[in-house]
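Asker: Sharing a model that was predicted from the sequence below.
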Amino acid sequence: MNTPTTNPMRRIVIAGGGTAGWMMAALMSKLLGRQLDIKLIESEEIGTVGVGEATIPALLTYHNLLGINEAEFMAATNATFKLGISFEGWKNIGENYFHSFGSTGTDHWSAGFQHFWLKGRAEGIAKAYTDYNPETVAAHANRFAHLPRNGLNYAYHLDAGRYAKYLRAMSEGYGVQRIEGRIAAVLQDGPGGKAGDITALQMQDGSRIDGDLFIDCTGFRSMLLGETLGVGYEDWSYWLPCDRAVAVQTASVREAWPYTRSIAHPFGWQWRIPLQNRVGNGLVYSSRELSDANAPELLTKNVEGELLIQPRVLKFLPGQRDKVWERNCIAVGLASGFVEPLESTSIHLIQRSAIRLMQLFPGGGINPADVDEFNLQSRRELEHIRDFIVAHYHINERSDSALWRHVREMEIPASLRHRIELFRESARVFRPSDELFGENSWVQVMMGQGILPRSHHPVADLMGRPELSNFLGDIQLKVARTVAGLPGHQAYVEQLCAPYRHATTAQLAATPLRA
C-alpha cells in the first residue's frame, strides 16, 4: 500500500547492474545527478543474462537523451545496424516473411497503404508488399546507410555486456558510485524490520547501504519487489508456453547482415544476431517439447562458426508483476516481468522505465497518484507487447508439434482477438497513440502469418487501374533506386567505427562528458 510521503528522495540505491541497472543509472545521473546520491550494487560473481542483444529504433531516443555519439557507441559495443526481423517458418514450414521498421508505401489520412495494395493485388498490378518498404529491400540486399529525413528506420545489434560497461563508465562520470558485493538482506522500517518501506540493503560483508528510493534490478529473482515486498506475479504461460532459453556466441563466418533472424522450430524458435565480431545465437523453447539436457546440443548443431562460450540454459516464467512500483521500490527489467525477446523489446522496456521514472520522479516525496500512473502505464505497455508476441504464435498454419497446435487453438486475450478480427474483415488497424508497435508492424505480422483481409477501404476504389498502377509503381521504383544507391552494410559499419576502433570502453563513454 502506498501512502503519501514528504521525505525527499535523494539517496537512490540500484540493486543489480547489467543492462537494466546501468541504463537506469545513466539516465538518472545525467538528468538529476547533481541533486541525487546514486549508488549501484553489483557483484562480479553474479552473471547477467546478457542475451538481449537486439534492439528497436526507440533506443535512438534514449541515446539522444544521453548525448551519445553513435559511432563511438557502436565501436565500443561491436554493434551493427538492424532494419527488422526475418521470421522463418513461423506461418508454416518453409514460409518466411519480414517485419521491418519504418513505413510501407504511402498512407492516406483515411486508410493505410495496405488498402491500396490490396486493391492493386486484386487488380493483378501490385508487387509483393515488401517491395514498397525500403528497410525490407535494403535488409535483403545487405545494404545500409544513414539517409536524410530518416529515410531508413533502424536499430542496433549490440554486445549487452559491453553496453553495460559503456553505460557504467558514463554513469560513474556523472557521479554514480558502484559498490561491489552481494546483498544478504533487505531491511524494512516496520516492527522487527519485516514490514513497511525498504530502508537499507545489508551486504554479505556486513556493510549497510541506506537509501530513500530503491530500484530492483535483481533479475528474475526480484529480491526487493517480489521477495521482500511480496508483490505477486501474473503468469502468462498459457499464451506464451516457451519457458526456457539457451544462448551461445559463435565466431563470424560471413559478413554481418542488417537484421535479426528468428527461425521457428517444433519446440519454439531460434535467434541469430550478427555483431561486428561474432554472432549471438539462442533457442527459446518449451520445456514440454524439448528437455534442458538436449537443448544445448540441439542449438550447437544449428549454428555456424566456432563456439566462443559454452551454452547456458535460462529458466523463465512469462508474465508481469502485479505492480512494478510498491512503496519506495521500483522493479526494472526482468525483476518487473518478462516477455520472450521475439520482437527485441527487453531493452526497450528498461528504457521506458527509466524515462517514465524521470517524468514521475518523486523528488519531494512519494505521491500515490504518481505511483498509480507509473503502474498503469507499465502494465498497459507490457500487455500491448504481450498481445503482439502472442499474435505471432496464434496465427499459424503449422501442425508439426503440440506447441504450435496449442497456440493456434488457444483462447487469446480479448484485446488481441478484436485486432485480428478487425484486420481479417476490413484490413483496418486501430491502436492507441502511445502503443509501441504501429499500424505497419501489425500489418506486416498479420499478413506474414497468413491473414489476407477480406476487404479494403473504399477510398482505394476511387483510383482507376492506370492511376493505381502509377501510384504503386512510383513507390516501388523509388524504393528500388534508394536501395541501389546504398553501400554494403558491413563496409558502412567498418568505415563509421574506424576512427574509434582502438579506444577503450571507458575513453569512449567519457567522450560525451567532455563535449
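Answerer: Cool, got the structure.

Asker: can you pull the contacts of the closest residue to residue 95 other than its chain neighbours?
Answerer: Of all residues not flanking residue 95 in the chain, residue 89 sits nearest, at 6.8 Å (C-beta to C-beta, 6 or more residues apart in numbering). For glycine as for every other residue, the C-beta is placed from the backbone atoms N, C-alpha and C. Applying C-beta atoms under 8 Å, 6 or more residues apart in numbering, one finds that residue 89 lies in contact with 95, 96, 263, 264, 265, 398.

Asker: May I see those residues organised as JSON lines, with distance to residue 322 added?
Answerer: Below are the contacts of residue 89 laid out as JSON lines (distance: C-beta to C-beta, whole Å):
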{"residue": "95", "distance to residue 322": "39"}
{"residue": "96", "distance to residue 322": "38"}
{"residue": "263", "distance to residue 322": "34"}
{"residue": "264", "distance to residue 322": "32"}
{"residue": "265", "distance to residue 322": "33"}
{"residue": "398", "distance to residue 322": "34"}
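
Asker: are any of those residues buried, and which?
Answerer: The neighbour count (16 or more other C-beta atoms under 10 Å) marks 95, 96, 263, 264, 265, 398 as buried among the contacts of residue 89.

Asker: The fourth one is in what secondary structure piece?
Answerer: Counting by DSSP states H and E, the element that carries residue 264 is strand 260-265.

Asker: what angle sits between the helix or strand just after that strand and strand 260-265?
Answerer: Where DSSP H and E defines the elements, the next helix or strand beyond strand 260-265 is strand 268-274. For strand 268-274 against strand 260-265, the angle by axes from the mean of the first three to the mean of the last three C-alpha atoms, to 10 degrees is 160 degrees.

Asker: Number the chain from 248, please
Answerer: Yep, numbering from 248; the last one is strand 515-521 now.

Asker: Not counting strand 515-521 itself, show me its contacts.
Answerer: Contact with strand 515-521 is made by 300-301, 327, 337, 404, 489, 499, 503-504, 507-510, 526-533, 536-537, 546, 549-550, 588-589, 650, as judged by C-beta under 8 Å, 6+ apart.

Asker: Buried ones from these, can you make that a ChimeraX selection?
Answerer: Those of these that count as buried under 16+ other C-beta under 10 Å are selected in ChimeraX with:
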select :300,301,327,337,404,489,499,503,504,507,508,509,510,526,527,528,529,530,531,532,533,536,537,546,550,588,589,650
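
Asker: where does the stretch 398-547 of the chain dip in pLDDT?
Answerer: Counting by pLDDT under 70, the low-confidence segments of the stretch 398-547 of the chain come to 440-441.

Asker: Tell me which stretches of it form strands.
Answerer: When secondary structure is read from DSSP state E, counting those that start in this stretch, the stretch 398-547 of the chain shows strands at 402-404, 424-427, 430-435, 445-450, 455-457, 460-463, 480-482, 491-498, 507-512, 515-521, 525-532.

Asker: ranges for the helices of the stretch 598-747 of the chain?
Answerer: In the stretch 598-747 of the chain, the segments counted as helices under DSSP state H, counting those that start in this stretch are 615-641, 649-656, 661-673, 686-695, 712-731, 736-744.

Asker: Output those helices in JSON lines; the columns should cover mean pLDDT and distance to residue 420.
Answerer: As requested, the helices of the stretch 598-747 of the chain are exported to JSON lines (pLDDT from 0 to 100; distance: least, C-beta to C-beta, whole Å):
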{"stretch": "helix 615-641", "mean pLDDT": "97", "distance to residue 420": "28"}
{"stretch": "helix 649-656", "mean pLDDT": "97", "distance to residue 420": "46"}
{"stretch": "helix 661-673", "mean pLDDT": "96", "distance to residue 420": "43"}
{"stretch": "helix 686-695", "mean pLDDT": "97", "distance to residue 420": "36"}
{"stretch": "helix 712-731", "mean pLDDT": "97", "distance to residue 420": "39"}
{"stretch": "helix 736-744", "mean pLDDT": "97", "distance to residue 420": "22"}
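
Asker: about what we covered before: list the helices and strands the strand holding residue 511 packs on?
Answerer: Counting contacts by 3 or more C-beta pairs under 8 Å, 6 or more residues apart in numbering; DSSP states H and E, strand 507-512 packs against strand 331-335, strand 515-521.

Asker: Nearest to residue 414, out of these?
Answerer: Residue 414 lies closest to strand 515-521 among the helices and strands packed on strand 507-512, at 19.3 Å (C-beta to C-beta).

Asker: what angle do the closest one and helix 736-744 make?
Answerer: 50 degrees.

Asker: From the recorded domain assignment, give the ranges for the chain.
Answerer: Listed domain ranges for the chain are 258-300+406-476+574-613, 350-400+634-731, 491-562 (source: automatic domain parsing).

Asker: which one of those domains lies closest to residue 749?
Answerer: Comparing the domains of the chain by C-beta to C-beta, domain 491-562 comes nearest, at 13.9 Å.

Asker: Show me how far that closest one is from its chain's centre.
Answerer: Centre-to-centre, domain 491-562 and its host chain are 18 Å apart (C-alpha atoms, centre = their mean, to the nearest Å).

Asker: Now the residue nearest the centre of the chain. Nearest residue, chain neighbours left out?
Answerer: The centroid of the chain falls nearest to residue 592 when counting by C-alpha atoms, centre = their mean (1.7 Å). Nearest non-adjacent residue to residue 592, counting by C-beta to C-beta, 6+ apart: residue 632, 5.2 Å away.

Asker: Around the one you found, count how many other residues there are.
Answerer: 22 (other C-beta atoms under 10 Å).

Asker: follow-up on the earlier one: now render the helices of the stretch 598-747 of the chain as CSV, adding distance to residue 554.
Answerer: Converted to CSV, those look like this (distance: least, C-beta to C-beta, whole Å):
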stretch, distance to residue 554
helix 615-641, 29
helix 649-656, 27
helix 661-673, 38
helix 686-695, 32
helix 712-731, 35
helix 736-744, 22
